[in-house]
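Student: here's a sequence, model it:
(chains A, B, C and D)
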2 protein chains.
Amino acid sequence: MSLSHAVLTSLLEKPSSGYDLARRFDKSIGYFWHATHQQIYRELARMEAAGWVASITAPDAGNTRKRSYRVLPAGRDELGRWALEPSAPMDLRDEVTVRLRADAALGPLGLESELLRRITQHQDKLQTYRNIEARDFPAGKPLGRNARIQHMILKKGMLFEQGSIDWTQEMLTVLAQA
Amino acid sequence: MSLSHAVLTSLLEKPSSGYDLARRFDKSIGYFWHATHQQIYRELARMEAAGWVASITAPDAGNTRKRSYRVLPAGRDELGRWALEPSAPMDLRDEVTVRLRADAALGPLGLESELLRRITQHQDKLQTYRNIEARDFPAGKPLGRNARIQHMILKKGMLFEQGSIDWTQEMLTVLAQA
DNA sequence: TGCTCCATGTAACACGTTACATGATTGC
DNA sequence: GCAATCATGTAACGTGTTACATGGAGCA
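Tutor: Sure thing, here's the model as predicted:
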């Protein structure tokens, strides 16, 4: 698996506490790799035991338990090693396709409202990505290699959302025909 | 989760043995919902205990243990109930985006060959889908409601593969620029 | 005889989700 | 004082993966 490597990458970009990582996984990187805070704490504990990361009491901890994690050389090595492994293609397991197959097998169930709801969700997410794009990758500003890579990852999300909207709309017309 | 409901749907389309289901999940439906044979046997056992499906010794079992499963009314009801539940949006967790982020954080790692490999995989899958489309949904032939839904699901896969090819090619040009 | 495929299963483990617990800090 | 948020964690369970086991059938 690669949750640990996603966390390593995120930590490399910015040393953080588990809580901050969890919130970042709910925002930027997490749009592409969801994880709950329990998963993240578990991975951090494992990686610290493995010597991939180290933690100190966070500078802004005050009287709290807040800890700050950073990547150790062994973690960098592991991440570089892993990044070059061949990776499995993404699988597209979307519950809605199963529901549509069930609709086809059982007869019309009235999935239209669900599809409309999905379109709204995709539009919201697309707008979120567009806002991030406008903020982080403004048109006309020259970007470095890292920024261009990050921008492409964001674009992937935008393409996916737009494609989902278009496909769902076509699906609605199919359901509308008798 | 919904593996059980995916299996129910598949069984509804055609009563089958666990082995046959596993092979179908490796072909048609499985392009959109992967499952190993162990998962399927586990689900079948659970659903039989729950009264959603029933099994008999398969007609073509011979001296083997082969069993044939079919959906019971309780299973149909459950599937119809589930299909109208609101569903979570699909998450796009692609390992390659994590690897690219790692590349951005660590410096150029040489992911080009991996990306080229992915393009080939996406092209192969696209061709597979096109073959299925030519066989099951030939142009000019009028299709019923069910066939149109199945066709749309297949199209979703084709759109995804084509989008992945295009995006990966653009990503390669980004990596090629210094 | 030995090989491959058919067909089902057990066991162990890794990953993901949900519920709950604990205590400090911040803002009204 | 009270609620919300910050911050970390335990426990239980469900899902997904990997390795291995078992035995029949078909074929050279």
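
Student: rest of the way, CA atoms for contacts and neighbours
Tutor: Will do.

Student: tell me how far the nearest residue in space to residue A:30 that is not next to it in sequence lies from DNA strand D.
Tutor: Distance criterion Cα to Cα, 6 or more residues apart in numbering or on different chains; nearest residue to residue A:30, sequence neighbours excluded, is residue A:24 at 6.6 Å. Taking Cα to the nearest atom of the strand, to the nearest Å as the measure, residue A:24 falls 11 Å from DNA strand D.

Student: now check the strand or helix carrying residue A:24, is it near DNA strand C?
Tutor: Element membership for residue A:24, per DSSP states H and E: helix A:18-25. No. Judged by Cα under 7 Å from any atom of the strand, helix A:18-25 stays clear of DNA strand C, getting no closer than 10.7 Å.

Student: can the very next helix or strand once past that helix be found next to DNA strand C?
Tutor: Next helix or strand after helix A:18-25 toward the C-terminus (DSSP H and E): helix A:37-50. Yes. Contact of helix A:37-50 with DNA strand C (Cα under 7 Å from any atom of the strand) involves A:38, A:39.

Student: helices of chain A, start to end?
Tutor: A:3-13, A:18-25, A:37-50, A:73-83, A:95-106, A:112-136, A:145-176 (DSSP state H).

Student: near chain B, anything from the longest one?
Tutor: Think helix A:145-176. Yes. Using Cα under 8 Å from any Cα of the partner chain, helix A:145-176 reaches chain B at A:145-146, A:148-150, A:152-153, A:156, A:159-160, A:163, A:167, A:171, A:174-175.

Student: can you list the helices of chain A in TSV and add distance to residue B:75 and mean neighbour count?
Tutor: TSV is the format used below for the helices of chain A (distance: least, Cα to Cα, whole Å; neighbours: other Cα atoms under 10 Å in any protein chain shown):
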stretch	distance to residue B:75	mean neighbour count
helix A:3-13	36	22
helix A:18-25	37	19
helix A:37-50	34	16
helix A:73-83	43	17
helix A:95-106	11	22
helix A:112-136	22	16
helix A:145-176	24	17
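
Student: could you dump those helices to TSV with mean pLDDT and distance to residue A:89?
Tutor: Listed next are these as TSV, based on pLDDT from 0 to 100; distance: least, Cα to Cα, whole Å:
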stretch	mean pLDDT	distance to residue A:89
helix A:3-13	94	16
helix A:18-25	92	21
helix A:37-50	95	23
helix A:73-83	95	14
helix A:95-106	94	19
helix A:112-136	94	23
helix A:145-176	96	15
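
Student: those helices: which one's closest to residue B:39?
Tutor: Taking Cα to Cα, helix A:95-106 is the member of these nearest to residue B:39, at 16.9 Å.

Student: against DNA strand C, how distant is the residue nearest to the spatial centre of chain A?
Tutor: The centre of chain A sits closest to residue A:32, judged by Cα atoms, centre = their mean, with a distance of 1.9 Å. Noted for residue A:32: a distance of 12 Å to DNA strand C, by Cα to the nearest atom of the strand.

Student: surely that residue touches residue B:92?
Tutor: Yes. Counting by Cα atoms under 8 Å, residue A:32 does reach residue B:92; the two are 5.5 Å apart.
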